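Colleague: Turn this into a model:
(one chain, ligands or ions: 2)
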Amino acid sequence: MRAAVLKEHGEPLEIEDVDAPQVTPDGAVIELEACGICRSDWHGWQGDWDWLGIQPQSGQILGHEPAGHVVEVGENVTEVQEGDHVAVPFNIGDGTCHECRTGHSNTCENVMPLGFVEQVQGAFAEQMHVPAANHNLVKLPDGVSSTDMAGLGCRFMTAFHGLAHRADIGAGDWLAVHGCGGVGLSAVHIGNALGANVIAVDLMDDKLDKAKELGASEVVNAGEAEDVPEAVKDLAGGAANVSVDALGIATTCQNSILSLGNRGQHIQIGLTTQDEQGMVSVPTDAMVMQEIEFIGSLGMPPTRYDEIFRMVQTGKIDPSAVVSETVELDDVTSRLESMTDFETVGIPVIDKFD
Ligand SMILES: [Zn+2]
Ligand SMILES: [Zn+2]
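Modeller: Ligands and ions are numbered 1, 2, ... in the order given. The predicted model follows:
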């Protein structure tokens, strides 16, 4: 089968003919129809996240926003069958540990980030293998396309979990979203659907325009504002109640916290870059004085996807709204390269693998 294989960090992925995956007794093989290209792939491609122990090595197939059809299941798999239309959350759980059994498989004791470690080769390929398939596959509703649902593997569901499960958003609360890449735009769209007034923050006007389309009531161009947190506070007529760092650099993290008022909630969704290596200094005293919460949020457990699907069904949210373009497997490297300069708007999705 064809796959885009990492050779050296920062060097073009090589399109190679590799062995198709073999099904394990608990696993399933998926024929890919769509896979989003995510900033996390860019991080893996750059060789980041060695400080997290998930730096992809040479030979890794990246790609973690897959949707497609099940073509083979192992003998122990009962929850899905050949032909099922599925998405795969990137936070692959073992399905058996305490976290998984209590509905928190996104923080599974043996969590495997799809496409970042050897045990779970990613979805920049014609086929992929998913371990613990009873647990890790999400059946898609009838009538949706794989391309439209590609963000459900990562960015769309990550934003949903952060805002719907980790934050406490009240009707009319001001929500600031710092960084309007794929996950940030998803957060704008979902935050609006959850009843928040959304202020989108980014350096690029085309991303802010997209944010407005997706429901932001106000925008701040961080390159033009003299003081980003003050600009957010002015627009909110006080301060943000909830604020998201959807990028993961020191500036967006700090700006997000400084945008908040008393008892505000900062949601950290973005993982950091080579510059921070996991460590960002935060306005600790202000957080004490204002009783500000710092909340981490990782992916989403597969058991909660029905909440998204119920909102999709009634038109309140639409994962396809953040999909910006479809590309071919051979285009992955060029899209990763354009992420270096933050040039992609929304989610580019591969829909042609052969
Ligand atoms: Zn991702
Ligand atoms: Zn587990």
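Colleague: element containing the closest residue to residue 225 other than its chain neighbours?
Modeller: Closest residue in space to residue 225, ignoring its immediate chain neighbours: residue 231 at 4.1 Å, by Cβ to Cβ, 6 or more residues apart in numbering. All C-beta spots, glycine's among them, are computed from the backbone N, C-alpha and C. According to DSSP states H and E, residue 231 maps onto helix 228-236.
Colleague: Tell me how far that helix lies from the chain's centre.
Modeller: 26 Å (Cα atoms, centre = their mean, to the nearest Å).
Colleague: got the CA positions of the helix or strand following it in PDB?
Modeller: Proceeding N to C from helix 228-236, the next assigned helix or strand is strand 240-245, under DSSP H and E. Extracted in PDB, the C-alpha atoms of strand 240-245 (Å, rounded to 0.1, in the frame of the first residue of the first chain):
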ATOM      1  CA  ALA A 240     -13.100  36.900  29.400                       C
ATOM      2  CA  ASN A 241     -14.800  34.200  31.500                       C
ATOM      3  CA  VAL A 242     -13.100  31.400  29.700                       C
ATOM      4  CA  SER A 243     -10.000  31.600  27.500                       C
ATOM      5  CA  VAL A 244      -8.300  29.000  25.300                       C
ATOM      6  CA  ASP A 245      -4.700  28.700  24.300                       C
END
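Colleague: Kindly report the residues of the protein close to ligand 2.
Modeller: Proximity of the chain to ligand 2, by Cβ under 5 Å from the ion, involves residues 93-94, 97, 100, 108.
Colleague: hmm, who's touching the helix holding residue 231?
Modeller: 174, 176, 178, 197, 199, 201, 218, 220, 222, 225, 239-240, 243, 255, 258-259, 261 (Cβ atoms under 8 Å, 6 or more residues apart in numbering).
Colleague: In strands, which of those residues fall?
Modeller: 174, 176, 178, 197, 199, 201, 218, 220, 240, 243, 261 (DSSP state E).
Colleague: In TSV: these, plus distance to ligand 1 and neighbour count.
Modeller: Formatted as TSV, the ones in strands among the contacts of helix 228-236 follow (distance: Cβ to the ion, whole Å; neighbours: other Cβ atoms under 10 Å):
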residue	distance to ligand 1	neighbour count
174	27	27
176	22	35
178	18	34
197	27	21
199	24	27
201	20	33
218	27	19
220	25	24
240	25	30
243	21	32
261	31	15
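Colleague: quick one: which of these is nearest residue 143?
Modeller: Nearest to residue 143 out of the ones in strands among the contacts of helix 228-236 is residue 197 (Cβ to Cβ; 32.0 Å).
Colleague: distance between stretch 214-221 and the chain's centre?
Modeller: 20 Å.
Colleague: Touching that stretch from outside, list them.
Modeller: In contact with stretch 214-221 (Cβ under 8 Å, 6+ apart) are residues 177, 185, 188-189, 191-193, 197-203, 205, 208, 211-212, 228, 231-232, 235, 321-322.
Colleague: Buried only: go through these for me.
Modeller: Among these, those classed as buried by 16 or more other Cβ atoms under 10 Å are 177, 185, 188-189, 191-193, 197-202, 208, 211, 228, 231-232, 235, 321-322.
Colleague: ok, which stretches of the stretch 201-350 of the chain are helices?
Modeller: Ranges of helices in the stretch 201-350 of the chain, per DSSP state H, counting those that start in this stretch, are 205-213, 228-236, 250-258, 284-289, 305-313, 332-340.
Colleague: Just list what the last one packs against, helices and strands only.
Modeller: For helix 332-340, the helices and strands in contact under the criterion 3 or more Cβ pairs under 8 Å, 6 or more residues apart in numbering; DSSP states H and E are helix 39-46.
Colleague: quick check: angle from the helix it packs on to helix 332-340?
Modeller: Note on geometry: by axes from the mean of the first three to the mean of the last three Cα atoms, to 10 degrees, helix 39-46 and helix 332-340 are set 100 degrees apart in direction.
Colleague: average pLDDT for helix 39-46?
Modeller: In this model, helix 39-46 has an average pLDDT of 94.
Colleague: before we move on, the earlier item: closest one to residue 20 out of the ones in strands among the contacts of helix 228-236, please.
Modeller: Nearest member of those to residue 20, counting by Cβ to Cβ, is residue 178, at 41.5 Å.
Colleague: measure the closest one to ligand 2 for me?
Modeller: Separation of residue 178 from ligand 2 (Cβ to the ion, to the nearest Å) stands at 31 Å.
Colleague: Next one, pLDDT for the residue nearest to that residue when sequence neighbours are not counted please.
Modeller: Excluding the flanking residues, the one nearest residue 178 by Cβ to Cβ, 6+ apart is residue 252, at 4.2 Å. On the pLDDT scale, residue 252 is placed at 98.
Colleague: Just give me the neighbour total for residue 252.
Modeller: Look at residue 252: counted by other Cβ atoms under 10 Å, it has 25 neighbours.
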